[in-house]
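> Pasted the sequence and its predicted model underneath.
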Amino acid sequence: MLRLCSRVLLALCAVVAAVLLIVSSADARPRFSAGSRGSQTFSAPPSTATSPSARPIERSMTQPGTRTFGQRPMSAPSGGFFGRPGFLGGLFAGFLGAGLLGMLFGHGFAGGLGGIASLFGLMLQIGLIAAIGYLLWNWWQRRSQPALAGAPLMRDLSSGYPGARPTYGVGGGGAAVAARTPGADEVGLTPEDFNTFERLLGEIQTGYGAEDLNCLRARVTPEMLSYFAEELAANASKGVVNRISDVKLLQGDLAEAWREGDMDYATVAMRYSLTDRMVERDGARVLEGGADEATEVWTFMRKRGGQWLLSAIQQT
């Protein structure tokens, strides 16, 4: 009985090892969720039939809480009440500093007044400090509330987007997510735009497989180029090359397209097949990989009237 159980356990281990080998072989290509989607970088793209969900962007040069279009970050001023700029901050620090200096030099918090006068001076300074603190608090609340709400970055989605949703290269969308309509298009994408997305999918994947940074540089943003270059450098240090070929789009959905200033963004879910192999750099021996299929969410961006560039990839 014990011998039979041992054989069953060994058989199960062999099956698990085979499954793990198959899974690892399918993961030769880079599988990161990184890049920038403008003001939507840290918002999940709407669900589509091709990709019901996508992993959040894990690496990005875009910082949370920052404005787009080259404006300064909307970060809270440092230093608390003592670091407040302007007249009120200086007045508050002056009163408190005068009281503390009086205590340090042995004159009491009221700055040298004795008896009842000292007590009244202390109460007067405390009252002034409390009043100024209350005014500062109200002023800070009024100033911070719009920034925290992100009003300048939000698009009014309740009224819908102008233009009809393109039908070329676009599958069915899912249910609305947080009042954002799947497939909503305020850019006015054309069939040529979707042909460009499909072309870029193949050119970027094969360019990566050929380790052609010049090819990638012309098709991705500088941020994405840095991520691809990092992956290629890691492969080079391991003595391997990730060969990718035969990329073919199988299904695609528009998740959303929007405008920010003079920049256009389009997020597209794509399911595609490819041949994905990890081979020895100094030989032709295949270490892992083969025919594969992947589903990813790609975001493209362009300056109005310019060419589309890949700006983000998210795994599903």
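Structure received.
> where do the strands sit along this structure?
Using DSSP state E, the strands of the chain run over 34-35, 184-185, 240-260, 263-280, 286-303, 309-315.
> Tell me how far the residue lying closest to Val220 once chain neighbours are set aside lies from Met263.
In space, Val220 comes closest to Leu310 once its chain neighbours are excluded; the distance is 4.4 Å by Cβ to Cβ, 6 or more residues apart in numbering. Just so you know, the C-beta spots here come from the backbone N, C-alpha and C atoms, and that holds for glycine as well. Counting by Cβ to Cβ, to the nearest Å, the separation of Leu310 from Met263 is 14 Å.
> if you count what's nearby, which of the two comes out ahead?
In this comparison of Leu310 against Met263, neighbours counted by other Cβ atoms under 10 Å, the higher total goes to Leu310 at 23 against 16.
> Tell me the bridge partners for that one.
Per DSSP bridges, the residues bridged to Leu310 are Val220, Phe300.
> Tyr272 now?
Partner residues in beta bridges with Tyr272, using DSSP bridges, are Leu249, Ala294.
> okay but it is in contact with Ile204, surely?
No: Tyr272 lies out of contact with Ile204 (Cβ atoms under 8 Å); the separation is 11.4 Å.
> If you count surrounding residues, which of these two has more?
For Tyr272 against Ile204, the residue with the higher neighbour count under other Cβ under 10 Å is Ile204, and the figures read 23 against 19.
> what's the nearest residue to that one if we skip its chain neighbours?
Setting aside the residues directly before and after it, Ile204 is nearest to Arg219 in space (Cβ to Cβ, 6+ apart), at 5.4 Å.
> What is the burial count for the one you found?
Applying the criterion other Cβ under 10 Å, we find 18 residues in the vicinity of Arg219.
> Could you list the low-confidence segments of the stretch 201-316 of the chain?
Flagging of the stretch 201-316 of the chain using pLDDT under 70 yields an empty set of residue ranges.
> same thing but at 90, please
Scanning the stretch 201-316 of the chain for pLDDT under 90 picks out the ranges 282-284, 305.
> Contacts only, for the residue nearest to Ile204.
Listed by Cβ atoms under 8 Å, 6 or more residues apart in numbering, the contact partners of Arg219 are 200, 203-204, 207, 309-310.
> May I see the residues you listed organised as JSON lines, with distance to Trp298 added?
Formatted as JSON lines, the entries for the contacts of Arg219 read as follows, by distance: Cβ to Cβ, whole Å:
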{"residue": "Leu200", "distance to Trp298": "8"}
{"residue": "Glu203", "distance to Trp298": "12"}
{"residue": "Ile204", "distance to Trp298": "9"}
{"residue": "Gly207", "distance to Trp298": "14"}
{"residue": "Leu309", "distance to Trp298": "11"}
{"residue": "Leu310", "distance to Trp298": "6"}
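> okay, among those residues, which ones form the most distant pair?
Farthest apart among the contacts of Arg219 by Cβ to Cβ are Gly207 and Leu309. That separation is 13.0 Å.
> Next, the buried residues of stretch 207-221.
Taking 16 or more other Cβ atoms under 10 Å as the basis for neighbour counts, the residues of stretch 207-221 that come out buried are 207-209, 211, 216-217, 219-221.
> hmm, which two among those residues are most spread apart?
Using Cβ to Cβ for every pair in the buried residues of stretch 207-221, the one that comes out farthest apart is Gly209 and Thr221, at 19.7 Å.
> residue ranges with poor pLDDT in the stretch 1-150 of the chain?
By pLDDT under 90, the weakly predicted segments of the stretch 1-150 of the chain are 1-32, 63-150.
> still on that earlier bit, possible to save the strands of the chain as a markdown table with distance to Pro45?
Formatted as a markdown table, the strands of the chain follow (distance: least, Cβ to Cβ, whole Å):
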| stretch | distance to Pro45 |
| --- | --- |
| strand 34-35 | 12 |
| strand 184-185 | 11 |
| strand 240-260 | 4 |
| strand 263-280 | 5 |
| strand 286-303 | 6 |
| strand 309-315 | 7 |
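> closest to Gly127 out of the ones you listed?
It's strand 240-260; of the strands of the chain, that one is closest to Gly127 (Cβ to Cβ) at 48.3 Å.
> Quick check: buried residues in the closest one?
When neighbours are counted by 16+ other Cβ under 10 Å, the buried residues of strand 240-260 are found to be 240-244, 247, 249, 252-258, 260.
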